[in-house]
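**Q** Structure for this input, please:
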Amino acid sequence: MASLAEAHPHLKGLLYFAGKSLPKLAQPLAAKAPGVLVQAALAAKKHGRDQEGAVLASWLPEVRSWVEA
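**A** Numbers count the residues shown, from 1 in each chain. I've put the predicted structure just below:
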């Protein structure tokens, strides 16, 4: 997660939030499908700083299911 956050400094805080808050979802996504996790974080960022973390957290289970399918 750290290398992914460093590669995308504009998403650093959001990616660290996901990795810390939902490690069982975010860490495997960062390893298996980093591009998908980055795109989800970019989309969540459009909801503003107040809601971006909650939006990303609510999306991660569905994103993981999509990646596994």
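
**Q** most residues in a single helix of this protein, which one?
**A** With secondary structure taken from DSSP state H, the chain has its longest helix at helix 52-68.

**Q** what's next to that helix, contact-wise?
**A** Helix 52-68 has contacts (C-beta atoms under 8 Å, 6 or more residues apart in numbering) with 14, 17-18, 21-22, 25-26, 28-29, 32-33, 36-37, 40-41, 43-47. Just so you know, the C-beta spots here come from the backbone N, C-alpha and C atoms, and that holds for glycine as well.

**Q** can you give me the offset of it from its chain's centre?
**A** 7 Å (C-alpha atoms, centre = their mean, to the nearest Å).

**Q** cool, and stretch 6-24?
**A** Worked out by C-alpha atoms, centre = their mean, stretch 6-24 lies 6 Å from the chain centre.

**Q** Just the endpoints, please. Distance across it?
**A** Taking C-alpha to C-alpha, to the nearest Å as the measure, stretch 6-24 stretches 20 Å from start to finish.

**Q** Can you give me the buried ones in that stretch?
**A** 8, 11, 14-15, 17-19, 22 (16 or more other C-beta atoms under 10 Å).

**Q** what pLDDT, on average, does that stretch get?
**A** Mean pLDDT, stretch 6-24: 95.

**Q** mind listing what's buried in stretch 47-60?
**A** Neighbour-count burial for stretch 47-60, counted by 16+ other C-beta under 10 Å, picks out 52-53, 55-57, 59-60.

**Q** cool, stretch 21-40 as well?
**A** 22, 25-26, 29-30, 33-34, 37-38, 40.
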